[in-house]
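K.L.:
Any chance you can model this:
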Amino acid sequence: MSPLALHELEPSSAIRLLLFDVDDTFTQHAQIDAQALHALWRWREAGRMAVAVTGRPAGWCDHFARMWPLDGVIGENGAFWFRHHPATRHMERQYIGQPEPGSALQMRLKAAQDLILAEFPHARISQDQAFRLYDLAIDFCEDVQGLTLDDAHRIAQRLRELGMTAKVSSIHVNAWFGDHDKCTTSRRYLQDCHGLDLAQQASSVVYVGDSPNDEPMFQAFPLSVGVANVEPHLPRMAHPPRFITPSAQAQGFVELVNQLLR
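P.N.:
The predicted model follows:
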């Protein structure tokens with residue numbers, strides 16, 4: 001089923017929580033967009049809640065949780081969530097990924113890394129790998145050139161053959177050991193932190209993203225939105241977003257917030 005135009009998403013005071021991807025959804029050409037950040041502040045000032053759901057590493061997610069107007073951050077494609085409580089100066093950290101992060105896990109990730117780099121010589125390890133706890137991020141278009149989206153999917157398939165879960169984002173192929181993903185951890189986060197059962201209260205949550213690693217979220221959330229740059233990925237998606245914005249990247253994020261706050 002083809003996505004509907006954004007204007008068909010009816011604004012409602014029942015929509016209390018916005019979950020959003022970061023790269024190429026909240027960012028514009030790899031940078032934080034002033035209009036998107038302002039839209040996020042307007043959303044929070046309207047008494048609504050916001051949670052970033054990203055493939056970015058733990059080291060970055062600590063910053064997001066502290067510095068952005070958020071209720072929480074789900075990071076490394078569902079390996080954990082962080083919530084900062086300014087009143088008590090406490091950072092709540094809940095780790096979902098298995099096995100526990102540490103040297104044994106890093107050795108397994110390094111073995112997968114070495115194999116991929118040998119088989120795909122144009123690929124590189126992402127520049128943010130040093131800040132990750134649970135996953136391996138293969139850069140196919142953030143800081144490198146010469147790889148296509150088809151190459152990214154071939155890399156993901158090779159990682160799956162190694163017994164890993166692998167997802168393609170707009171910039172990286174992320175792979176990890178375990179069966180968590182953005183969706184499984186988002187469900188648990190909503191239940192544990194907000195007492196929200198998605199099966200019963202789906203109409204109170206919107207998710208917006210842009211790439212194949214968002215597909216479990218598009219499937220689970222009836223109010224799912226893709227920013228316009230999701231379109232090249234749609235032929236590969238069994239579960240596309242329900243709605244699509246007119247504009248790409250952060251400008252699409254702004255359009256969504258404007259629509260919801262009308």
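
K.L.:
What are the boundaries of the helices in the stretch 51-200 of the chain?
P.N.:
Secondary structure of the stretch 51-200 of the chain by DSSP state H, counting those that start in this stretch: the helices cover 58-67, 103-119, 149-161, 182-194, 198-201.

K.L.:
Y207 is nearest to which of the ones you listed?
P.N.:
Closest approach to Y207 among the helices of the stretch 51-200 of the chain is made by helix 182-194 (7.8 Å; C-beta to C-beta). All C-beta spots, glycine's among them, are computed from the backbone N, C-alpha and C.

K.L.:
which helices and strands sit right next to the closest one?
P.N.:
Applying 3 or more C-beta pairs under 8 Å, 6 or more residues apart in numbering; DSSP states H and E, one finds that helix 182-194 contacts strand 17-20, strand 49-53, strand 72-75, strand 80-85, helix 198-201, helix 215-220.

K.L.:
Pull the distance from the last one to the chain's centre.
P.N.:
This means helix 215-220. 11 Å (C-alpha atoms, centre = their mean, to the nearest Å).

K.L.:
Then the fifth one?
P.N.:
When C-alpha coordinates are averaged (C-alpha atoms, centre = their mean), helix 198-201 and its chain have centres 21 Å apart.

K.L.:
After that helix, which helix or strand is next? Please name it.
P.N.:
Moving toward the C-terminus from helix 198-201, the next helix or strand (DSSP states H and E) is strand 205-209.

K.L.:
Against which helices or strands is that next one packed?
P.N.:
Helices and strands in packing contact with strand 205-209 are listed as strand 17-20, helix 215-220, strand 224-226, helix 249-260; criterion 3+ C-beta pairs under 8 Å, 6+ apart.

K.L.:
residues of the second one that come out buried?
P.N.:
Going by neighbour count (16 or more other C-beta atoms under 10 Å), the buried part of helix 215-220 is 215-218, 220.

K.L.:
what's next to it, contact-wise?
P.N.:
19, 53, 181-184, 186-187, 198, 207, 209, 224, 226, 237-242 (C-beta atoms under 8 Å, 6 or more residues apart in numbering).

K.L.:
Restrict those residues to the buried ones and give me that as a ChimeraX selection.
P.N.:
In ChimeraX syntax, the buried subset of the contacts of helix 215-220 is picked out as below (16+ other C-beta under 10 Å):
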select :19,53,181,182,183,186,187,198,207,209,224,226,237,240,241,242
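
K.L.:
Would you check how far apart Q113 and K167 are?
P.N.:
As judged by C-beta to C-beta, to the nearest Å, Q113 and K167 stand 16 Å apart.

K.L.:
Would you point out which residue is most central in the protein?
P.N.:
Residue closest to the mean C-alpha point of the chain, counted by C-alpha atoms, centre = their mean, is T54 at 3.0 Å.

K.L.:
ok, for it, nearest residue in space, not its chain neighbours?
P.N.:
What sits nearest to T54 in space, not counting adjacent residues and going by C-beta to C-beta, 6 or more residues apart in numbering, is V22, at 4.2 Å.

K.L.:
What's the local residue count around the one you found?
P.N.:
Around V22 sit 23 other residues, with neighbours defined as other C-beta atoms under 10 Å.

K.L.:
Next: F131.
P.N.:
Burial of F131 is recorded as 17 neighbouring residues (other C-beta under 10 Å).

K.L.:
check contacts around it.
P.N.:
Under the criterion of C-beta under 8 Å, 6+ apart, the neighbours of F131 are 57-60.

K.L.:
Nice, that's everything, thank you.
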